[in-house]
Structures are given as C-alpha cells and as structure tokens.
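# Any chance you can model this:
(2 chains)
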2 protein chains.
Amino acid sequence: MGRLTGGDPSLLRRINSAVVLHALRAADSATLTEVTRVTGLSRPTVEGVVEGLIETGLAVESAAEEGAARRQGRPARRFRFRAEAGHLLGLEIGPHRVAAILADLDGRVLGTGFKEITAEAPADERLERLRMTVADTLRRSGVARSSLWAVGVGTPGIVEADGTVRLGTALPGWTGLQLGERLRRSFKCPVLVENDANTAAVAEHWKGAATESDDVVFVLAGLSPGAGSLIGGRLHRGFGGAAGEIGALHLLGREATPEVLLSTTGEPLHPLDEQAVAEVFAHARGGDENARAAVDRFIRRLVHDVMALVLALDPEVVVVGGWAAGLDGVLVPLRQELERYCLRPPRVALSMLGEAAVATGALRLALDHVEEQLFAVESTVTARR
Amino acid sequence: MGRLTGGDPSLLRRINSAVVLHALRAADSATLTEVTRVTGLSRPTVEGVVEGLIETGLAVESAAEEGAARRQGRPARRFRFRAEAGHLLGLEIGPHRVAAILADLDGRVLGTGFKEITAEAPADERLERLRMTVADTLRRSGVARSSLWAVGVGTPGIVEADGTVRLGTALPGWTGLQLGERLRRSFKCPVLVENDANTAAVAEHWKGAATESDDVVFVLAGLSPGAGSLIGGRLHRGFGGAAGEIGALHLLGREATPEVLLSTTGEPLHPLDEQAVAEVFAHARGGDENARAAVDRFIRRLVHDVMALVLALDPEVVVVGGWAAGLDGVLVPLRQELERYCLRPPRVALSMLGEAAVATGALRLALDHVEEQLFAVESTVTARR
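Have a look, this model is predicted:
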C-alpha cells in the first residue's frame, strides 16, 4: 500500500477520509458497518476516519431513526455528513439587479435575496448594493459570514481567471474592474467570478432545462445576446474566457446594432432598456406594422446568432434564457430555422430557472470548488478501485 | 497489490507490461537496469515483461551500441520497442484526389501516394481509386496489408461514429454511404472515419501550424468552408459530429451561395470548380473590377464565417487551410477583421501541412487508436504513481 500512495501515509489517510466522506454524503446517514461495506475499507480504518471527521466538524452522529427503539437490542449508531459545516453563496451582478443565493455544503438553498439597481449605476454603487443583499441574506438565514467556504459570482463581460473583468460594456465602470479582488475583501473564502451566460449554462445543466444533456448552449437573449456552453458536461470558457460572445458578429458587416434594429422611430433604443423593447413587442402584437417589422428584424438577428453558435458547436440542446426569452414569438421561429438549416438541429428549450439562472450557476461553481477540495483525491481513488 | 488491481493478476500484468512498453518506446533503446529504474518495477518483473513483449513481437533486443566493445566486460543487453511490428494508414478521400500515408507504430512515415479524380466521379469509382492508391503505397513500401493495425480516413461530410456519412453534399453518392463498413471489407483492422476538416485540425496540432496550442480552430477554406476544432487538445466533434459545419449560416438569410458570390457572369460557379475560382482571383489581380468585387464578396463571407467560429469557441489559434488559403489576400483581411471585432483576437496562421493535412490527421487518429490499445491501462498507472 505504501507503493500506491508513493510512500506517503498522510495521502493514504486523505484518500480514506475522502472515500468515507463521500459515502456519508451520498447517504442520508449510515452505520459504521454500512460505510465499511460501501467503501471496502476495514472496520478499524472506518472508525478512525469517522472519528477524525467528527473532530473536524464534517461528520456527526445522527439522531436515532424513528421506530429504532422497537427493534431488538441497542440500535447501531448512525453518522451523517454535516452539510451545515460550511456555506456557499451564488451571486449575480446584473444591469438591473443584484441577487444572492445561500446554500449549505449539499447545495441545499437556505436563503435568497435581491435588490434592484439602475443600469446606469456606477460600479461602487452596484457593489454596495451587492454587499447589502449579501448581508441581508446571511442575517435572515442566521448564517455567519465566517461560515462561508466559497462564493461564486456571475456577471456580464469577459472575465479573466483571477476575476478581473477584461471587457464589460454592459455595466458602467466594469471594464478593467478587479472584481475578484474587490469581492475578496468582503469574504475570507475563495471568490470565483464568471461570465453570466456561462453560470446560467451551468445552472440549467444542474437543475434546469438541460439536466439530461452534457452538450448545451445557453443563450442569454437580450439586445446583444451572449452565450455559455457546456461540452461533455464541462464549461467551455474558451482560451481567453470569451467563448460565446457572439454579439460582435454583426459589427463585422457594419450592420445595424440591435438597438437600431428594434427601433420604430429611427432613434436607437438604450441597449439595456428592456421596457422600451417590451413596448415595441406590445405594439407589434397590437398590429403596428412598424413595430412588427422591428420585431421581425430583431428575431432574425437572434436566430442568426444562435445558428452561428449551433453550427460551430453542434450542441444537443439550446436553452434560451435572458429577458428576451420571455418575449412573444422568439422560440417558434428559432426552432423552425434551426430545423430547416442545421445539419443536425438541436432541441430548443426555454430556460427553466429564469432570472435565478445566473446566481444558481454561480452557486454551483462555488459548490464545485468546495467539492474539489473535499474530494480532491477522488480521481486517485476511482482509478484504484 | 491485489487490492490495487481488484484482485485480478492479469490486470496487474497488463499494467506492468504497458509501463515497460511505454518506457521502451520513449527511449531509443534501454537496458533492463534502465527500465527497472524508470518504471520502479522490480528486476524480475521487468525481465518477465520484456520476455513477454519479445514473444508477442513488440520488443526486440537491439544491436550493441557503437563503441560498446571498447568498454570493460560484456556490455549490457539493450532492448527497443518494435515500431515495425505493425503499421498504420492515414487516408484522404477528397473531391479532387485520394491520398494515403503509411507509417509505423511510432508514426514515422514510410510511404505516401495519391491519385487524382474528378469531382463528379461516383462513389464506387472514388473508392476504387483509393484501393489502388493504398495497394500502390503498401507495395512500394514493402509492407504487407496484414501488418496494418488501424486505418484513419478523412473525408468531407458529417460522419457518424460508425463511419456512415450522414450528410456529404460535396461528393456524389456520399450522403448515406456506409463508408466505414465499405472500407472495413478491404482491411482487417479498425477503420476510423472522420470529417476532413476535423482530421486536418488534428494534423496541424500534431505537426503543423498549431503544435504550440491546444485550443485550435482549423478552417478548411473553399467555396463552402468547413472547420474542425480542438478544445484542450481534444477534437471537438459536437454532439452529432456536425461541429464546425459553418457553411449553412448563410442559407438562413437566403443570402447568395458562395458560387454566386464569386461569379462575375451572373451564372453560379460549380461548387468544386477551383480552377474557375482561381481565374476570378487572377482577373481581380489583373485589375478586372467585376472580378475584384466578386473576390471582395468572397473574402467578406469567409471572414464572417471564421468570425462566427471564433466568437463561439474563442480559440488561441485559427489555422487556415484548404485551397482557398492559397489565394491572394485571404489572410490579411481575416487578421484585420478579427483584430478589429473580436474581444480577444486569436492568432491567425496559414496551414503548414497544406494538402497533406487531411491524410496526416487521419494517420494521427489511427495512431491514437493503437496507442489507446497498447497503453489502455495507462490512466490507472498514472494515477497510481
């Protein structure tokens, strides 16, 4: 066995500890006998490991089962993973709102919160709103800030690995903002910053419209759409974190911006003015020819962008989210055109998580990070068995 | 050690055998002492494994080194991997030619061959040409057909995992052709069929313009461009094998086909008539305004397609190959427009392998397959050490 672990007994202990922790987390609770059976470890090893896990707060003896008293003799002691040993936050910093989701180490949601903000608000004000939202959410859930193990963040823009926003034109003061570093001042745990379409893609795959597929494109549909994609179940960020930023495609042909496309007056709309867009759609429904033509132009553009993503990536499913997904008549032409022109048309689904998608995906990234820490040796273990 | 291998001594032997084989293949030749040191296995184990490898023909005692006689005593015996124990073919089946590359188990090229064919030739004639090319190449290299371990094939179209061409409009009779099955009648070894742009991407990454990068888009530029991409060094086929088939993007807007775009007469060019295209380019160089406008339209279309791929995937490098890559003025505007509109512009390089790219990548796929067989247990080994 020394060979297996490179002669490092602490590595062996860590492997055994990860195996037992994994078994406990997979079950609601388990007896030492059950853990011994599932892990293939010896009884004394399991006893030692569980003792250690209890000391570090990751496991606890669970209350006896209901009805256990009726059985013969003293019931076997049961142990469970302490999901409450730490907590995670998933945050969204968007143009119109900031939001937080708080969860335990099992990813179970304990509290949520959000605050509205104007698209024009400077970065400091936006971050201050976020801080208030986080503080509220923690307080209402009775969770101490010191109990946070990881924080995930979804926000518009191209985000570098260290959390710096390389380019983010959607929000004032966003380009060049060292968002990761700024947020790390508020939290003592790792802070992971990711593009919002990317976190939304992760979220729909985790608990949304794409749980059945590992090859997913999520389109955050708005005036200028962004996209996130999963390939083989893994987030595809691209070499520079810019994958899916399809909005720039039309700049090339010096074509009209979406703001101009959707305008019925000749004056471009404000890029983030969802209200004005909704009005154009309402007018189109009301029979206004001008508005209808504008909506047609807008949908054709969106279809083109999605088509470009689909042809490049060939996903199994396209999930459409973002506020424009809620607009009339976006999904039907998208399906029709993809059916018609794609060599292998993907399934097209509406986002199931809606506006919770970005923060939910950010939470999943935080959870991934923590699981990586807890079960870091798992790949070794898997290969061994 | 029984634990490590799940109590399966033959698995343990296979692991040891793969480890030793790997060590021998990495070195030109090695003594038993050297193999023992590199692998960490015991001397008797190494002796047993090497003996087994010699029996199966995968290893052989190599000739004594020059100058060895001068040393004191009898020189230690040296052993080497027998790269000549098996052979691999990389095949291209294209619109204008079929080609073959023959290599040994180290991927060293032993022979090449090709034959021209017309774009209009029916599938049977094309396959007959291929068979002749293969037979010639084998004969000239003195390699027996029975010595082939794997055959890779690159061809236009969307190719299913079993080698059936799901859609291939570039070649007559290609759509629906069970190409894998047809070729397996000629070879007794595994035949791996892949889209030509995909194999070319693999080739440029292996020994072409993208050896330094694992995130590569290869554009097979022609009248209707196709693309292959590597993400993290792995071929991205897409969920249905259709990733990168960007040519359909313009069908959407009912835009002109490339054949119309490049026409100076109003009559569309034949989609595979490279000669006619070259003439349009020549006329444009000669100052013909009509031809120049046609070339501009063609280049703008190509730039748009590449841009769509780049925005979707965010590669580190774009390699441009295919015949259109050789045309004047394709690369410069491509670089300029990507610089201008991409959030993170990739490096743009010309294919280094040129027309050898497709067959070279097919060879690499065959080699990957064989290595997977030879070193199948390697992941277990790596995790263990």
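
# Just say helix, strand or coil for residue A:49.
Following DSSP: H, G, I helix; E, B strand; the rest coil, the label given to residue A:49 is helix.

# which residues touch it?
Neighbour list for residue A:49: A:13, A:16-17, A:20, A:41 [criterion: C-beta atoms under 8 Å, 6 or more residues apart in numbering or on different chains]. In short, each C-beta sits where N, CA and C put it, glycine included.

# From those, pick the one nearest chain B.
residue A:41 (10.5 Å; C-beta to the nearest C-beta).

# From residue A:81, how far out is the residue lying closest to that closest one once chain neighbours are set aside?
In this structure, residue A:41 finds its nearest non-sequential neighbour in residue A:16, 6.0 Å apart by C-beta to C-beta, 6 or more residues apart in numbering or on different chains. Separation of residue A:16 from residue A:81 (C-beta to C-beta, to the nearest Å): 16 Å.

# so where do the strands sit in the stretch 1-150 of chain A?
Taking DSSP state E, counting those that start in this stretch, the strands of the stretch 1-150 of chain A run over residues A:30-31, A:59-62, A:78-81, A:87-93, A:97-104, A:109-116, A:148-155.

# Tell me which of these lies nearest to chain B.
strand A:148-155 (15.1 Å).

# Pull up the pairing partners for the closest one, direction included.
Strand A:148-155 has its sheet partners listed here by DSSP bridges as strand A:87-93 (parallel), strand A:191-195 (parallel).

# what's the angle between it and strand A:97-104?
150 degrees (axes from the mean of the first three to the mean of the last three C-alpha atoms, to 10 degrees).

# mean confidence for whatever helix or strand comes next after strand A:148-155?
Downstream of strand A:148-155, the first helix or strand assigned by DSSP states H and E is strand A:158-159. Across strand A:158-159, pLDDT averages out at 92.

# by contact count, what packs against the strand or helix carrying residue A:278?
Element membership for residue A:278 (DSSP H and E) is helix A:274-285. Contact partners of helix A:274-285 among helices and strands, from 3 or more C-beta pairs under 8 Å, 6 or more residues apart in numbering or on different chains; DSSP states H and E: helix A:289-313.

# starting at the chain centroid, how far to the helix it packs on?
26 Å (C-alpha atoms, centre = their mean, to the nearest Å).

# The next helix or strand after it pairs with which strands, and in what direction?
Next along the chain after helix A:289-313, taking DSSP H and E as the criterion, comes strand A:317-321. Note on strand A:317-321: by DSSP bridges, its sheet partners are strand A:216-220 (parallel), strand A:347-350 (parallel).

# could I get the contacts of residue A:49 as TSV with neighbour count and pLDDT?
Listed next are those as TSV, based on neighbours: other C-beta atoms under 10 Å in any protein chain shown; pLDDT from 0 to 100:
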residue	neighbour count	pLDDT
A:13	16	79
A:16	20	84
A:17	21	87
A:20	28	91
A:41	19	87
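
# Show me where the stretch 201-350 of chain A dips below the pLDDT cut-off.
Within the stretch 201-350 of chain A, the segments meeting pLDDT under 70 span A:251-256, A:271-272, A:325, A:327-328.

# Please list the residues of it that sit near chain B.
Listed as neighbours of chain B in the stretch 201-350 of chain A under the rule C-beta under 8 Å from any C-beta of the partner chain: A:213, A:215, A:227, A:229, A:231, A:236-246, A:248-249, A:251-253, A:300, A:303-304, A:307-309, A:311-316, A:337, A:341-344, A:346.

# Now that we have the residues you listed, which of them are buried?
Buried positions within those, assessed by neighbour count (16 or more other C-beta atoms under 10 Å in any protein chain shown), are A:213, A:215, A:227, A:229, A:231, A:236-246, A:248-249, A:252, A:303-304, A:307-309, A:311-316, A:337, A:341-344, A:346.

# what residues are up against residue A:31?
A:76-79.

# what's the answer for residue A:309, then?
The contact partners of residue A:309, taken as C-beta under 8 Å, 6+ apart, are A:217, A:219, A:227, A:229, A:244, A:246, A:315, A:318, B:312.
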